[in-house]
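**Q** Prediction below, plus the sequence it came from.
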Amino acid sequence: MNKILIPVDFSEYSLTAIQYACQLISQNERKQDIDLIHVFTHHSNSYINRQGYALEDPQVKISEKDMERLLANLQNEYSNIKFNSIFKEGNLFEEISKVTAGFAYDAVIMGTKGSSGLEAIFLGSNTYDVILNTKTPVLGVPQNTKDVKKDRIGLLCNFKEGEIEVIQHAIKLIDSNFELVLIYVNKDDRHISDIDAQFKDWIEEIINRTGIQNISYTIKPQVLYNRAAENVSHAISNVLIDEQIDFLLITRSRKSIFRRLLEENIVRKMAYNMTIPTLFAPVRTK
C-alpha cells in the first residue's frame with residue numbers, strides 16, 4: 001500500500017499541503033492513500049477535578065469534529081483517494097517520527113508559510129524539525145502554492161549517491177515526466193572543463209538508474225556564495241527563479257550538499273523561506 005502522511009492543524013498552511021497532495025495523486029498513475037495526522041501539542045492537564053476524575057479536554061472534541069468535516073469535504077472532492085485520520089498527543093516531530101517508523105510512507109507533506117518574520121520561524125521550525133528527525137522524505141509546500149507544476153525539477157547536485165535516491169523518491173510522488181535540472185554550486189572554484197566531464201558521467205549514471213532521459217545542468221560560480229550566510233538562501237532562490245524551477249530536490253546526508261549548507265545555517269533558512277515545493281530526502285545508511 002502506498003501512502004502519504006500530512007500533518008494537519010486545520011490552518012490554511014496544512015490545507016494547502018492537502019490540496020497539493022491531492023492534485024499530485026490525481027495526476028499520477030501510481031495511486032496513494034492519504035493519512036491526515038493531528039497532534040495535540042498543547043494538551044492541558046488542568047481538566048482534572050478535585051476528586052481525581054479526568055475530564056476531557058474540549059479541544060479534543062473540537063479537533064475531531066474539524067477532522068470529520070475535513071474528511072467529508074475531501075472525500076466529496078477527491079472520490080478516487082482514500083483518506084484516513086490519525087490523532088496523537090505530544091511533540092509534533094516526535095510523533096511523526098514514530099508514525100513514519102511504523103509504516104513506509106512515500107513522503108510527509110507539510111505546508112509552510114515561506115516568508116520571514118517571527119511567525120515564519122515558528123511555522124518553519126515544525127517543517128525543519130521533521131526534516132531532521134524523520135527517515136521519511138519531507139515535502140515542504142509554500143502557502144502560496146496553488147497548482148502542481150513539475151515540468152522542471154531542480155536538484156542541488158554534488159555528485160553523490162544520495163542524489164539518485166532523492167530522484168527515485170521524487171518519481172514516486174510526481175512520476176518521471178519532467179526535465180531534471182542539476183544545479184552545481186562551484187564553491188571550490190573548480191575548472192569548468194573538469195566539472196563538465198564529471199557531469200557527462202553522472203548524467204549517464206542517472207539515466208541508467210532512474211530512467212530519466214531529459215537532463216540538463218547549470219554551474220553557478222562561487223561568487224554567489226561568498227556572501228554572509230543569511231544571504232545565501234536568497235541567492236539560491238534567485239537561481240531557482242533564473243532556471244524557472246518548479247520543484248526542488250535536496251538530499252540529506254553527511255556528505256551531501258544539504259549537510260554542507262546545514263553547517264552554514266542555510267538549510268534552516270531554506271526550510272523557513274521556501275519559494276517552491278521542496279523535497280528533502282534522507283540517504284539510507286549503509
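**A** Looks like it arrived, so ask away.
**Q** Partner strands of the stretch of helix or strand I250 belongs to and their direction?
**A** Using DSSP states H and E, I250 sits in strand 247-252. For strand 247-252, the paired strands and their directions (DSSP bridges) are strand 152-157 (parallel), strand 278-282 (parallel).
**Q** So which residues of the stretch 51-200 of the chain form strands?
**A** For the stretch 51-200 of the chain, applying DSSP state E, counting those that start in this stretch gives strands covering 83-89, 107-112, 138-142, 152-157, 179-186.
**Q** between those, which one is nearest to Y217?
**A** Of all the strands of the stretch 51-200 of the chain, it is strand 179-186 that lies closest to Y217, at 3.9 Å by Cβ to Cβ. Glycine gets a C-beta too; all of them are placed from N, C-alpha and C.
**Q** Now do that closest one, average pLDDT.
**A** Regarding strand 179-186, the rounded mean pLDDT is 91.
**Q** pLDDT wise, what is S256 at?
**A** Per-residue confidence (pLDDT) for S256: 52.
**Q** Could you do the one 10 residues further on as well?
**A** In this prediction, I266 carries a pLDDT score of 57.
**Q** Could you do V141 as well?
**A** In this model, V141 is scored at 92, pLDDT.
**Q** dump the residue contacts of it.
**A** If you count contacts by Cβ atoms under 8 Å, 6 or more residues apart in numbering, V141 has them with T16, A17, Y20, I109, M110, G111, T112, M274, P277.
**Q** Nearest to R209 among these?
**A** P277 (23.5 Å).
**Q** ok, the closest one touching F247?
**A** Yes - judged on Cβ atoms under 8 Å, P277 makes contact with F247 at a distance of 5.1 Å.
**Q** hmm, back to that, mind giving me JSON lines with the strands paired with strand 247-252 and columns for mean neighbour count, mean pLDDT and distance to P58?
**A** Converted to JSON lines, the strands paired with strand 247-252 look like this (neighbours: other Cβ atoms under 10 Å; pLDDT from 0 to 100; distance: least, Cβ to Cβ, whole Å):
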{"stretch": "strand 152-157", "mean neighbour count": "23", "mean pLDDT": "93", "distance to P58": "45"}
{"stretch": "strand 278-282", "mean neighbour count": "25", "mean pLDDT": "88", "distance to P58": "36"}
